[in-house]
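Q: below are the sequence and a predicted model; questions follow.
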Amino acid sequence: MAWSSIRSALEALIGRRRADRELAEEIRHHLDLETEYRIDQGEAPKDARQTAIRAFGNTTRVAEEVRDERGGSRIESVLKDLAFAIRSLRRDAGLTTIVVLALGVGIGAATALFAVVRSALLTPLPYENPAGIVTVWSAWKDVDRTWLSYDEYEAWQAEIPAFASIALFASGAVNLTGGDQPERVRSAQVGADLFRVLGVTPIRGRGFTEDEDRPGGPAVAVISHELWSRRFGADPAIVGGTIEVNGASASLLGVLPPGFKLPLDFGADGATDVYLPLATDAAQQGAVPGPAMNPGGGSHNFYAVARLAPGATAAQADAQLRERVAGFVRDNIYTAAFGFRAFTIPVDDLVSGEVRQPLLVLLGAVGIVLLIACANVAGLLLVRGERRRRELAVRTALGAGQARLVRLLFIETGVLAAAGAVAGIVIAWLTVAAIRQLGMTSLPRVAEARIDPLLLGVALLIATLTAILTGILPSLQVRQLDPADELRESGHRASAGKGRLRWRQTLVTAEIALAVVLVTGAGLLVRTVRNLLALDPGFDPRGVLTMRLSTPSTWYGDSAAVAGFWNTLTAEVGRIPGVRSVGAVRLLPLATDMGDWGMAVEGYTPPPNQGTPGDWQIVTPGGLEAMGYRLLEGRLLDSGDDLNGPLAMVVNRTFVDRYLGGRSALGTRVLIGSSLGLAAPPYHIVGVVEDVHHNTLKSTIKPGFYVTVAQFARAPGSTIRSLSLAIRTDGDPKALIAPVRNVVRQVDPRLPISEIRTMEEIVGASIAAPHFAMRLLSSFGIIALGLAAIGIFGIVSHAVAVRRQEFGIRAALGAPPIELLRAGLWPGLRQTAAGIAIGTALALGLTGLLSRVLEGVSPTDPLTFVAVILLTGLVAFIASFLPAVRAARVPPGSVLRGD
Amino acid sequence: MADPRSDVLQGTLEMLILRLLSAETSHGWGLSFRLRQVSGDVFDVNQGSLYPALQRLLRRDLIRAEWRPSENNRRARYYHLTPAGRRALDSAVADWRRSAGAVERVLRFA
């Protein structure tokens, strides 16, 4: 369109009324002059006006033509079509509602999932150029991934060219004291160069200097923006002042940017709030590299992040690490038998690795839902098109071009898609809110998903695509329209429309096929989650409330004080009505990973150059009972196993199998932390418990031992200061939160409580990824089945309606109702069978994508496939049955009367 | 086809309007009057059909319109030719002459 016509169109649209007024004036002027002229010519004045008007022609029509020539008529007529479309859609309220809901569900699900994907996978991590950051790990036999030793840090820093820089950190927790409310928060001890490696600068103040990061350095801290806002009211004056950490004051050097988290802080446990210097001393810690994994050496205790050198890749770093480790083994610095490994994990993979594949699968699934919704809407519009053939034919006969009709149809689908987009945005918003609510917060960054203007744009884009996709078929229908033919055909057709039904049948077949794919995926995940939940964790998580408490050395100077505190606390908590047992454990299973401690076991000689490692769980008397650990032999630990009593140890089943070779464990002597012969007093095994899956539900079980806090302080002489209180009840564990809090406050009001969770929540969080995938995929599967059912219902209704006359005649001729029912059912079931066959084939090809998420079930699990086929068949049968019954009930007379 | 005032003439209406306006600025009735006068009433089509044609020419920027007082002191919409309109007229007239000449030759010599 030339500029002038655009301008004229716009002017016409804006100044339409004025132009119309002027045109009327111009025509009146013309008629006046013509009348005067005719009077001059001698006509009678009363006739002159009439002749003038006759000579002019139909004024309304002229005005119409001028308006058409003015341009802008296109926009105007689009508006007219729009109003018409809305009117006619409102007449079809039932159909419109179904279509809008179907589109809304499709658009909403897609938008919500995109919000999750964007938050979890597409939003860059809060570091500078996160693609260049890797985390560095060690591993050896039985241990897939563990911390670095200081020696390794030094070696990798000096000898791995792919690392530009590397920094260490360790995690912990501190009590923030000095305010009205003591608070326990996550803390990290970080090397002075950590923030530089991650490329983050405090928004207030500064980070640590090398000089502050040394043993005996000044008490300094950097805090998170979140803590700064929450506890200190974002007061700028506090920076440069002091805060109280674990009862001692520390200078607050700086505040980190909002949203900053350490690479390991993206899970359920929340982010680190207080950063302290790591204060390592190269002179003390930096011995020769290795053999640092000497059992009991305990020196693998640092996390590490490295910035890759420009142009270097994580794969190169891994190759260099492998090479270096091989060198250590050749030089006998590392023991070959230990199978030591070192490797990197890019920080992006570390954070989102677990959710990436499920999310991508879900994204594909939501695309399928959207396709089904489109197919469904297209199908429904086709029916509508069938019903409107005569209307459209009349319009064509009256001169509306095909292009005009197609435009009208696209305007209609556009209106539907716009309404669908509005519904979709509401559904997306609710879905995202539900995702945040439904305990899916334990998936890294999923909980940060939100609907914002960008996502509204995405929803609109999806809606536009939907409108185009759904508009295509009905407009093809218009192209086949032959008005003469259509108008000649009277309202009565014995078996018309069969050819036209073909498109809809194809659509329904496709819908069913896609639904089968989704439901199969959902079925496999349902089985996975059931399998995971059915795995025996080795303890009983039902009815257990847990919370973390810490006894800082400032207030509890020695191990007797610590043991005394726990004795008093557990005794007091035990008096709360409803509490069945109470105790404390060092690490909660499935919540915090457990490492091992070296031992010497009487009668067991480890293979050359290997230690006798054992996972160490430190408990208070009652802790094992409260956690529901199952006793196999002997007894659990009790109040007699105190500071003065004989050293008593409980071990797990694997300990007995591995180290005692089936001998009775009871009475066996075990030394913790050294080789036999050292002066430390030995423990005697007093009981054996069932293996507990501690690190994950699927992890291999390692030998483990259980001793009391009090006795562990005697041998090997280590005071455990942080424990999780576990309270078992027959009732609702959450009901105990308030009374237990009160008891803790009575025993020691200074101690903050943190990480209040039930064991069932912890177990749930440990399988959050498959659970999340299962929930979403199941929802999608149900939606897909529902949409497919609507589709089947639609075609069967249509087929039956079209053949109403035929059924009537057959009924009149004496066909039994059952035969008519069968005839009515047939078309729906034929499509269903085809859809199920295609869908099953597709699913067999696609479920392999889920293999990494699946547990205990094969991607081609026959049981799931058969169940899905039966379920889909049943749904299809019900959807076909209802309209088919109508076929059997056509009263023969009605057809003959010509209704 | 009984009506001698045929479509062919309709199609040339725009050219004729341009030609009339090239002689003098005029309002709609004036144009219709001159058309009848000059053509000996051959162009006594519905006078109204002039107006869509005028609107087409306006849209193509071949003519402009303005409101001003008429000779009997009423507000009237006057049309005048633009330079583009003058060029369009020239080429339309040339085309017309060429094809009319061709038709004429065929009629005469075939």
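A: Received, thanks.
Q: work out which residue lies at the spatial centre of chain A.
A: The central residue of chain A, meaning the one whose C-alpha is nearest the mean C-alpha position (Cα atoms, centre = their mean), is A:Val446 at 5.0 Å.
Q: if I pick that one, what's in contact with it?
A: Taking Cβ atoms under 8 Å, 6 or more residues apart in numbering or on different chains, we find A:Val446 in contact with A:Val116, A:Ser119, A:Ala120, A:Val355, A:Ile435, A:Met440, A:Phe772. Glycine gets a C-beta too; all of them are placed from N, C-alpha and C.
Q: do you know the pLDDT at A:Val707?
A: We have a pLDDT of 93 for A:Val707.
Q: that one reaches A:Gly645, doesn't it?
A: No. Under the criterion of Cβ atoms under 8 Å, A:Val707 lies out of contact with A:Gly645, with a separation of 11.5 Å.
Q: neighbour-wise, which of the two wins?
A: Just comparing A:Val707 and A:Gly645: by other Cβ atoms under 10 Å in any protein chain shown the higher neighbour count belongs to A:Val707, 24 against 14.
Q: so what's the more buried one closest to, chain neighbours aside?
A: Taking Cβ to Cβ, 6 or more residues apart in numbering or on different chains, and ignoring the residues beside it in sequence, A:Val707 has A:Met649 as its nearest neighbour in space, at 5.2 Å.
Q: report the beta-bridge partners for that neighbour.
A: Per DSSP bridges, the residues bridged to A:Met649 are A:Ile685.
Q: can you give me the pLDDT of it?
A: According to the predicted model, the pLDDT of A:Met649 comes to 95.
Q: next one: B:Asp3
A: On pLDDT, B:Asp3 comes in at 42.
Q: who are the neighbours in contact with the most centrally placed residue in chain B?
A: If you average the C-alpha coordinates of chain B and look for the closest C-alpha using Cα atoms, centre = their mean, you land on B:Ile17, 1.9 Å from that point. The contact partners of B:Ile17, taken as Cβ under 8 Å, 6+ apart, are B:Leu31, B:Leu50, B:Ala53, B:Leu54, B:Leu57, B:Ile63.
Q: could I get whichever strand or helix holds it in CSV with only the CA atoms?
A: Secondary-structure assignment from DSSP states H and E places B:Ile17 in helix B:7-23. What follows is the C-alpha trace of helix B:7-23 in CSV, where atoms were taken according to Å, rounded to 0.1, in the frame of the first residue of the first chain:
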residue,chain,number,x,y,z
ASP,B,7,-19.1,0.6,-19.2
VAL,B,8,-16.4,1.6,-21.6
LEU,B,9,-17.5,5.1,-21.1
GLN,B,10,-17.6,4.6,-17.3
GLY,B,11,-13.9,3.6,-17.5
THR,B,12,-13.0,6.8,-19.2
LEU,B,13,-14.9,8.9,-16.7
GLU,B,14,-11.8,9.6,-14.7
MET,B,15,-9.9,10.8,-17.8
LEU,B,16,-12.9,13.1,-18.7
ILE,B,17,-13.0,14.5,-15.2
LEU,B,18,-9.2,15.2,-15.3
ARG,B,19,-9.7,16.9,-18.7
LEU,B,20,-12.6,19.1,-17.4
LEU,B,21,-10.6,20.0,-14.3
SER,B,22,-7.6,20.9,-16.4
ALA,B,23,-9.7,23.6,-18.0
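Q: could you point out which element follows it?
A: Proceeding N to C from helix B:7-23, the next assigned helix or strand is strand B:26-27, under DSSP H and E.
Q: quick one: low-confidence residue ranges for chain B.
A: Screening chain B residue by residue with the criterion pLDDT under 70, one finds the ranges B:1-11, B:42-45.
Q: residue numbers of it in contact with chain A?
A: If contacts are counted using Cβ under 8 Å from any Cβ of the partner chain, the residues of chain B sitting beside chain A are B:27-30, B:32-33, B:44, B:46-49, B:51-52, B:55-56, B:58-61, B:67, B:70, B:74-77.
Q: ok, now how distant is A:Leu101 from chain B?
A: For A:Leu101, the distance to chain B equals 45 Å [Cβ to the nearest Cβ, to the nearest Å].
Q: if I look at that residue, what pLDDT would I see?
A: We note a pLDDT of 87 for A:Leu101 in this prediction.
Q: A:Val426 is in contact with that one, correct?
A: No. A:Leu101 lies out of contact with A:Val426 (Cβ under 8 Å); the separation is 11.0 Å.
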